[in-house]
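S.K.: quick one: sequence plus predicted model below, questions after.
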Amino acid sequence: MHRAAHVFNLSFCLEPDLLSQWRGYGSSQGVCLEFDDDELAASLELTHYQVFKNRVIYTKENSTVEARNEILAFFRQPQVQAAINADVMHEIIQATRLAHSLPPFFKNDGFKEEQEFRMAILPDRPFEGVNFRVSENGLVPYLILEAKDKLPLKSIRIGPRSNRSMMMDGISFLLQNKGYTSTRISFTETPFR
């Protein structure tokens, strides 16, 4: 979760089979889930949420060049220009929209290998429905999002581990039990050693 406690992110790695990602995020029993991002957003019940999707913008500490470029690109969009030209008040409305939509997509340049894509989810009522869990980094807020039906789960890749076939059996059983009959399961080609 980034920015404020009321903005929640779903993150997707556009480079899903890097050793650094397996080590950093799935070293004990990692799996990589592949979704179609458009279908994923459509499959979730997001009636009381605003959803912003974008690639992550990697910047050096205290850098403003990337932020400036993203802000200018936002205000140069034809639909934003048309709204502002129709009514000058829309400039404030669009600036507010930008203030909510852009910050969750900035990340330190040291993480650029991830090539991350995010969906930032902003509840209409900022603190309603927020749950909390304890992690090694402290208290973490999270939302439980409901799916309208099944999620568009295209594939699952099992990370480097010693008992991969046992993991595959468990995942296969879970998928069959939940009706995901066309989801592909594979093993990573990336070894830890």
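M.R.: Received it, and whenever you're ready, just let me know what you need. Numbering: from 1, shown residues only.
S.K.: who's in contact with residue 71?
M.R.: For residue 71, the contacting residues are 98, 102, by C-beta atoms under 8 Å, 6 or more residues apart in numbering. Where C-beta positions appear, they are placed from N, C-alpha and C, glycine not excepted.
S.K.: show me the helices in this protein, by range?
M.R.: Assigned by DSSP state H, the helices in the chain fall at 19-25, 37-43, 65-75, 78-86, 89-101, 164-177.
S.K.: list the buried residues in the last one.
M.R.: If I follow you right, that is helix 164-177. 167, 171, 175 (16 or more other C-beta atoms under 10 Å).
S.K.: ok, now the first one?
M.R.: Judged by neighbour count (16+ other C-beta under 10 Å), helix 19-25 contains these buried residues: 21-22.
S.K.: any idea how far that helix is from the middle of the chain?
M.R.: Counting by C-alpha atoms, centre = their mean, to the nearest Å, helix 19-25 is centred 17 Å from the centre of its parent chain.
S.K.: give me the helices and strands touching it, please.
M.R.: Packed against helix 19-25, as judged by 3 or more C-beta pairs under 8 Å, 6 or more residues apart in numbering; DSSP states H and E, are no other helices or strands.
S.K.: dump that helix to PDB, restricted to CA.
M.R.: Output of helix 19-25 as PDB, limited to C-alpha atoms (Å, rounded to 0.1, in the frame of the first residue of the first chain):
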ATOM      1  CA  LEU A  19      15.500 -14.500 -10.400                       C
ATOM      2  CA  SER A  20      15.500 -11.300  -8.400                       C
ATOM      3  CA  GLN A  21      11.700 -11.300  -8.200                       C
ATOM      4  CA  TRP A  22      11.600 -15.000  -7.100                       C
ATOM      5  CA  ARG A  23      14.200 -14.300  -4.400                       C
ATOM      6  CA  GLY A  24      12.600 -11.100  -3.200                       C
ATOM      7  CA  TYR A  25       8.900 -12.000  -3.200                       C
END
